[in-house]
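**Student:** can you look at this prediction? I've put the sequence above it.
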Amino acid sequence: MKKITLSAALLFIALGLQAQTFPAPYCEIADEEDVSVEEISMVSFADVNFVNTDVSSVLIDATSSVASLSLGEIYTIEVKGNTVGAFEADIVAFIDWNQNDILDDDGEVYAVGTLFDTDGTDDESVSLDITVPTDAVLGETRIRITKTYRDDVSPAVIDPCGIKFNVGGFSLQSGFGQALDFTLNLATLSTETFERNALAVYPNPTKDVLNIDYRSDLTGVTVYNIVGQEVLRKNIEASQLQLDLSEFTSGVYIVKLFSEEGQHSFRVVKQ
């Protein structure tokens with residue numbers, strides 16, 4: 001287990017610089033002055049690819065980043081972060097689907113996965129497919145991602161309002177990690193929406209060429225690496241496409257397709 005440390009003065013100054021209205025109307029992170037920051041380095045969800053370089057704030061205000069979602073659709077969230085050595089950190093997503101300003105109602109908490117022994121810039125990440133509830137309230141709402149240290153005898157506490165772990169199973173302490181908020185914009189599923197069931201992508205994983213077939217013409221494709229950097233962009237006008245990934249380094253990439261009907265993103269593994 002890591003040694004518990006304090007960094008009150010530094011964190012107090014960093015947090016004081018944040019806008020006074022954030023994170024209202026949602027909760028602050030409790031006991032901020034006692035949290036040792038171990039950063040979330042990247043979050044990818046729907047059309048948001050956010051790279052975080054703030055390694056001092058406990059709660060990151062990324063609410064200007066807006067991910068567009070449709071009711072009933074499935075989206076993959078992917079998260080990277082720094083565990084500062086051979087340690088584990090649980091990643092949890094909280095989404096206020098009913099827009100009641102509470103982040104952990106039933107059906108709003110998602111265990112994304114556990115990171116281990118990563119500096120946040122390597123290929124290590126965790127991901128989870130999330131289905132947007134068909135009864136979610138339309139409009140803008142909040143998602144909060146928390147990253148919290150854990151070990152075999154000291155589990156992370158699932159709490160959108162605190163970065164805490166249960167030391168030895170008998171003492172709650174402010175822990176090691178970070179939280180990050182951004183915005184989701186929910187809309188109904190338009191009749192002019194990309195039809196995922198009419199899309200074929202193969203082979204995935206791939207060593208060189210990725211084949212993409214769609215029922216109608218695609219207008220463009222963009223590929224991002226795992227930290228959200230654009231590595232390929234093409235304007236096209238065809239229903240079939242071959243992407244040559246042979247020169248790409250091994251790892252996970254996000255492919256975003258565009259058509260007159262909408263857009264769709266998916267992950268591809270380059271071997």
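**Tutor:** Thanks, I have the structure now.
**Student:** could I get the full set of strands for the stretch 1-150 of the chain?
**Tutor:** Along the stretch 1-150 of the chain, the stretches classed as strands by DSSP state E, counting those that start in this stretch are 36-37, 40-45, 48-51, 59-70, 74-81, 88-95, 109-116, 126-131, 139-150.
**Student:** could you dump those to a markdown table with mean neighbour count, mean pLDDT and distance to G162?
**Tutor:** Every C-beta, even on glycine, is put in place using the N, C-alpha and C of the backbone. Shown next, in a markdown table, are these (neighbours: other Cβ atoms under 10 Å; pLDDT from 0 to 100; distance: least, Cβ to Cβ, whole Å):
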| stretch | mean neighbour count | mean pLDDT | distance to G162 |
| --- | --- | --- | --- |
| strand 36-37 | 22 | 96 | 13 |
| strand 40-45 | 25 | 96 | 15 |
| strand 48-51 | 19 | 92 | 22 |
| strand 59-70 | 18 | 93 | 10 |
| strand 74-81 | 21 | 92 | 17 |
| strand 88-95 | 23 | 98 | 12 |
| strand 109-116 | 16 | 97 | 14 |
| strand 126-131 | 15 | 92 | 20 |
| strand 139-150 | 22 | 97 | 9 |
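**Student:** could you dump those strands into TSV with distance to Y224 added?
**Tutor:** Putting the strands of the stretch 1-150 of the chain into TSV (distance: least, Cβ to Cβ, whole Å) gives the following:
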stretch	distance to Y224
strand 36-37	26
strand 40-45	8
strand 48-51	5
strand 59-70	14
strand 74-81	11
strand 88-95	20
strand 109-116	19
strand 126-131	14
strand 139-150	18
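**Student:** L199: which of those is closest?
**Tutor:** Minimum separation from L199 across those (Cβ to Cβ) falls at strand 74-81, 12.9 Å.
**Student:** can you give me the angle the closest one makes with strand 88-95?
**Tutor:** For strand 74-81 against strand 88-95, the angle by axes from the mean of the first three to the mean of the last three Cα atoms, to 10 degrees is 140 degrees.
**Student:** now the host helix or strand of Y253 - C-alpha only, CSV.
**Tutor:** Using DSSP states H and E, Y253 falls within strand 251-259. Once non-C-alpha atoms are left out, strand 251-259 reads as follows in CSV (Å, rounded to 0.1, in the frame of the first residue of the first chain):
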residue,chain,number,x,y,z
GLY,A,251,-1.9,-0.1,-30.5
VAL,A,252,-5.5,1.1,-30.3
TYR,A,253,-6.9,3.8,-32.7
ILE,A,254,-10.3,5.5,-32.9
VAL,A,255,-11.8,5.6,-36.5
LYS,A,256,-14.5,8.1,-37.1
LEU,A,257,-16.6,7.7,-40.2
PHE,A,258,-18.8,10.4,-41.8
SER,A,259,-21.8,10.1,-44.2
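**Student:** and the closest residue in space to V126 that isn't next to it in sequence, how far is that from L71?
**Tutor:** Once flanking residues are discounted, V126 sits nearest to G113: 2.9 Å by Cβ to Cβ, 6 or more residues apart in numbering. Going from G113 to L71 by Cβ to Cβ, to the nearest Å gives 25 Å.
**Student:** do Y202 as well
**Tutor:** To L71, Y202 is 29 Å away according to Cβ to Cβ.
**Student:** kindly report the same for D213.
**Tutor:** 27 Å.
**Student:** settle it for me: which of these two has more neighbours?
**Tutor:** With neighbours defined as other Cβ atoms under 10 Å, D213 and L71 compare such that L71 has more, 17 against 14.
**Student:** give me the pLDDT value at the more buried one.
**Tutor:** Confidence at L71, expressed as pLDDT, is 87.
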